[in-house]
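Chemist: Kindly generate the corresponding structure for this input.
(3 chains)
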Amino acid sequence: MRPDDANMAGSVHGGTILKMIEEAGAIISTRHCNSQSSERCVAVLARVERTDFLSPVCIGEVAHVSAEITYTSKHSVEVQVNVMSENIVTGIMKLTNKATLWYVPLSLEDVDRVLEVPPVVYSRQEQEQEGRRRYEAQKLERMGNKWRDGDIVQPVPNPEPNTVSYSQSSLIYLVGPSDCTLHGFVHGGVTMKLMDDVAGIVAARHCKTNVVTASVDAINFHDKIKKGYVITISGRMTFTSNKSMEIEVLVDADPLMDDSRKRYRAASAFFTYVSLSQEGKSLPVPQLVPETEDEKKRFEEGKGRYLQMKAKRQGTAEPQP
Amino acid sequence: MRPDDANMAGSVHGGTILKMIEEAGAIISTRHCNSQSSERCVAVLARVERTDFLSPVCIGEVAHVSAEITYTSKHSVEVQVNVMSENIVTGIMKLTNKATLWYVPLSLEDVDRVLEVPPVVYSRQEQEQEGRRRYEAQKLERMGNKWRDGDIVQPVPNPEPNTVSYSQSSLIYLVGPSDCTLHGFVHGGVTMKLMDDVAGIVAARHCKTNVVTASVDAINFHDKIKKGYVITISGRMTFTSNKSMEIEVLVDADPLMDDSRKRYRAASAFFTYVSLSQEGKSLPVPQLVPETEDEKKRFEEGKGRYLQMKAKRQGTAEPQP
Amino acid sequence: MRPDDANMAGSVHGGTILKMIEEAGAIISTRHCNSQSSERCVAVLARVERTDFLSPVCIGEVAHVSAEITYTSKHSVEVQVNVMSENIVTGIMKLTNKATLWYVPLSLEDVDRVLEVPPVVYSRQEQEQEGRRRYEAQKLERMGNKWRDGDIVQPVPNPEPNTVSYSQSSLIYLVGPSDCTLHGFVHGGVTMKLMDDVAGIVAARHCKTNVVTASVDAINFHDKIKKGYVITISGRMTFTSNKSMEIEVLVDADPLMDDSRKRYRAASAFFTYVSLSQEGKSLPVPQLVPETEDEKKRFEEGKGRYLQMKAKRQGTAEPQP
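Modeler: Below is the predicted model of the structure:
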């Protein structure tokens, strides 16, 4: 991990880790999908399950990323990726992340055609059933996911501190060749890194301290983003608890030189950030002041997600409303 | 020049070239300012004179950047930088850029103290007088430069094509260690590259074709930007002629974790872009439709700069109004 | 040199310097090979001779890289590259590296065809004879080079400190567009940088201190690596003297989406690292404990190379056994 991978306090950005995770997932699933089929394909990220950042990684540490295919459906691959950080001077290793990603193989001859996935061999029979359960669960959740296509982040002149308008931020990005697969799609990890960048700026603006990613909820990739597109990544704070902030990040893609397509929502997710003192202790977060009706509604929704996650952690998960 | 330095059509971004130019200028002026003084210093970019991009550079070509100190005042250094592009396969070399930059040496012990510059030795006596004339001219122009501190780029919902609101764009950027000198200031070249990035997106949004930088007018750097600051780079189209677009780019710096300073305007400049066909021929540009009074005023000012520059090129420069 | 080019202690990675050296070599040899031939070509790195890192380069210093063609055979070019580091504040310049590289020109129309090299003009007649001797010597050595294709680095559970298994490391890397020439081959310098990265991690794991590259022995590039391939770079310690470590680095390329090719060994080399204190003094290195028969054999071979090099430095080179 190099200085550029980290924030001013030396903690590696969550986005840098998400990018590595996705790269490992893309390699292993592309390799698997090409292992038996006669038609060449590339595996494209469709979804990342909710993931927690269990411990911060620092500059100079070595990240170990390991990936394993844990389930295959007819048209998708589930990959489990673990990240360990190693301080090569003290020898201490820590688990940083456990992430689950879903990939879909697209034909290299016709990138709109989804190919079949060769079945993976399970070492225990239960694995297939457990995998199918996860597959059905994520499918259900994806379908329920409201797109909120028109909902955009609008700047407000002279906002007060602690309001949503005060910290909201947008970033435009022109997709370059290095961000893409050989076939001209943006790597899912590149998009996730930009999303985390924006979430981090929103969080730092809100609390003016050192902030780090604590978790990211499930991210669905609705549609491919291609080379040469301009993407706008917008972030706004939705909810604060005593010690955490939830930031919603929206990704819109604009096919600049392709008149046949309009601007579309490519992805969206909620990032949870915490604020840290110089010594790395978690600090209280200034309370967010929602102003408009929409902001108040989003605050309540965020509170719901927060309480549900808290309950889950305490082993007393409530049924989803 | 690598794929990442270039746009989709393979032309290297003007911003990449500006960054190289500034790097060469910073090296030669820092070296010169330390050559005699007993107190160590770093040379910081204060101003870049208007520069034209004479011919495009392509991926795979080698850029030759040469720098020379052409004048020294008591507290500033003028550097002339030339860029040549070389196609190492065909052997063809072309002049790409001639740029003039002004640097100021800051003490490494107290970065708010400007040191004295050792005098350069001129090979011809006229050089000193010509240099002094350029020095006085830029000083005058810098003082006349209106800061327009409060003027910001505000998004408008559902803008019509060809309006200013339609193509205007903003980018936020968190300044990292690799963007900075060892002493924690952003390299001027990094800022210029980001400015060109935004100008390019505005231009591409307006005309939906391949666009390249044709020229940049003088850029003044009003104040240093430090590591950890968030900068917002905003661009809006101000004027279109038949075959060119003028884009104003504003840079605002936000000392995120430094309560003692407010957000301030760090730099601003006008970029001129042209639109190119697949074969590299210049294309007509859709006429900009200014809507508000401010937009109409800026359009007329842009027209003034355009006509003046055209006259200058034809060797019939009119006196500045 | 920027923060990202360096390790935690501010010393620029040997790999960063190797990458610059290779870039200079590729430019000068491509230019030369196109200077007379009518068929366009690109010069591809075939071999780097053993090179020492004479003095460390620090962040903020300027590296001067100069390259000269010193010999041409019918199908290859020998380039001599020197690197000087300059501290532009103190004015001190130091010789950092002297490296010798061999390039081969490949036709741009058919990249499997090697073209003829235009003869270089020698200023002294002895130069041609001396060059031919170097050419024959490296040819002989290349042929003697056993590929050890099947030999791979296997992880071992719960290794003891100071064993080979304890510090061995692997890195996988997906070759992207920016790593490649316009014709889709990985730049030799990119591969060398990754090799040095892995060697540095192995060395730091073994001695848990700040480590720097002291030298690299000859690297042969057996075969081209193409865009989209996944490469695995593995490193294991082979030998330790009192104050140095030898690390063997193996590069294997995996043509992910190309069934016509199997995974193959693309390059291999030995890196020598030293351990430095905070003040930059060289520290004793923990003794390596070889366990298996292979490890013991490699230790003895490493010792042989070490003693031979030591003897060479003392001007009493023994004949190779």
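Chemist: measure stretch A:167-177 end to end?
Modeler: Here the two ends of stretch A:167-177 are set 31 Å apart, with distance taken as CA to CA, to the nearest Å.
Chemist: Revised request: answer the last question for stretch A:169-189.
Modeler: Terminal-residue distance, stretch A:169-189 (CA to CA): 20 Å.
Chemist: So what's the model's average confidence on it?
Modeler: Here the mean pLDDT over stretch A:169-189 is 84, rounded to a whole number.
Chemist: now do stretch A:105-121
Modeler: The predicted model gives stretch A:105-121 an average pLDDT of 90.
Chemist: next one: stretch A:33-51
Modeler: Confidence over stretch A:33-51 (mean pLDDT, whole number) is 88.
Chemist: tell me how far it is from the chain's mean position?
Modeler: With CA atoms, centre = their mean, to the nearest Å as the basis, stretch A:33-51 stands 18 Å off its chain's centre.
Chemist: show me where the stretch 151-300 of chain A has helices.
Modeler: Along the stretch 151-300 of chain A, the stretches classed as helices by DSSP state H, counting those that start in this stretch are A:164-167, A:188-207, A:293-313.
Chemist: List of residues touching the shortest one?
Modeler: Read that as helix A:164-167. A:155-156, A:159-160, A:202-203, A:205-206, A:236-238, A:288-291, A:295 (CB atoms under 8 Å, 6 or more residues apart in numbering or on different chains). Quick note: C-beta positions are derived from backbone N, CA and C, even for glycine.
Chemist: For chain C, see how far away A:Glu61 is.
Modeler: According to CB to the nearest CB, to the nearest Å, A:Glu61 stands 10 Å off from chain C.
Chemist: Touching, that residue and A:Val89? I think so.
Modeler: No - look at A:Glu61 against A:Val89 with CB atoms under 8 Å: they stay out of range, at 9.1 Å.
Chemist: So the two - more neighbours on which side?
Modeler: Neighbour tally, A:Glu61 and A:Val89, criterion other CB atoms under 10 Å in any protein chain shown: the higher count belongs to A:Glu61, 24 against 15.
Chemist: How about that one, nearest residue that isn't a chain neighbour?
Modeler: Once its chain neighbours are removed from consideration, A:Glu61 has its nearest residue in A:Ser85; the separation is 4.8 Å (CB to CB, 6 or more residues apart in numbering or on different chains).
Chemist: before we move on, what about A:Arg261?
Modeler: Of all residues beyond its chain neighbours, the one nearest A:Arg261 is A:Pro255 (4.2 Å), with distances taken as CB to CB, 6+ apart.
Chemist: A:Tyr135 now?
Modeler: Using CB to CB, 6+ apart, the closest residue to A:Tyr135 is A:Ser73 (5.2 Å).
Chemist: Name all residues that make contact with that neighbour.
Modeler: When the contact criterion is CB under 8 Å, 6+ apart, the partners of A:Ser73 are A:117, A:132, A:135.
Chemist: Neighbours of the second one, how many?
Modeler: Going back to what we said before, that points to A:Arg132. The tally of other residues near A:Arg132 (other CB under 10 Å) stands at 12.
Chemist: secondary structure element for it?
Modeler: In this structure, A:Arg132 sits in helix A:126-144 according to DSSP states H and E.
Chemist: Contact partners for the residue nearest to A:Glu61?
Modeler: A:Ser85 is in contact with A:55, A:57-58, A:61-64, A:93-94, A:96, counting by CB under 8 Å, 6+ apart.
Chemist: Shouldn't it be within a strand?
Modeler: Yes - for A:Ser85, which was evaluated using DSSP: H, G, I helix; E, B strand; the rest coil, the result is membership in a strand.
Chemist: Name whatever forms a beta bridge with it.
Modeler: According to DSSP bridges, the partner residues bridging A:Ser85 are A:Ala63, A:Lys94.
Chemist: that older thread, among the contacts of helix A:164-167, which are within reach of chain C?
Modeler: The residues of the contacts of helix A:164-167 that also fall near chain C, by CB under 8 Å from any CB of the partner chain, amount to none at all.
Chemist: which one of those sits closest to C:Tyr273?
Modeler: When the contacts of helix A:164-167 are compared for distance to C:Tyr273 (CB to CB), A:Ala203 wins out at 39.8 Å.
Chemist: tell me the contacts of that closest one?
Modeler: If you count contacts by CB under 8 Å, 6+ apart, then A:Ala203 has A:167, A:211, A:237, A:245, A:247, A:273, A:275 around it.
Chemist: Helix or strand with the lowest mean pLDDT in chain A?
Modeler: strand A:169-174 (a mean of 87; mean pLDDT, DSSP states H and E).
Chemist: How much space separates A:Gly15 from B:Glu39?
Modeler: The spacing between A:Gly15 and B:Glu39, counted by CB to CB, to the nearest Å, is 41 Å.
Chemist: Actually, A:Met20.
Modeler: A:Met20 sits 44 Å away from B:Glu39, taking CB to CB as the criterion.
Chemist: Of those two, which one has the most company?
Modeler: Ranked by neighbour count (other CB under 10 Å), A:Met20 and B:Glu39 place A:Met20 first, with 21 against 14.
Chemist: which residues sit in contact with A:His188?
Modeler: Residue A:188: Gly, not His. Contacts for A:Gly188 (CB under 8 Å, 6+ apart) come out as A:22, A:26, A:44-45, A:48, A:101, A:221.
Chemist: coming back round to it: reformat the helices of the stretch 151-300 of chain A as TSV; add distance to C:Ile172.
Modeler: Formatted as TSV, the entries for the helices of the stretch 151-300 of chain A read as follows, by distance: least, CB to CB, whole Å:
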stretch	distance to C:Ile172
helix A:164-167	38
helix A:188-207	15
helix A:293-313	33
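Chemist: Show me which residues of the stretch 201-321 of chain A are close to chain B?
Modeler: Counting by CB under 8 Å from any CB, the stretch 201-321 of chain A sits next to chain B at A:201, A:204-205, A:208-210, A:227-228, A:230, A:254, A:256-257, A:259.
Chemist: Among the residues you listed, which ones are in strands?
Modeler: Among these, the ones falling in strands (DSSP state E) are A:210, A:230, A:254.
Chemist: tell me the pLDDT at the spatially closest residue to the second one that is not a sequence neighbour?
Modeler: Leaving out its chain neighbours, the residue that sits closest to A:Val230 by CB to CB, 6+ apart is A:Asp254, at 4.6 Å. In this model, A:Asp254 is scored at 87, pLDDT.
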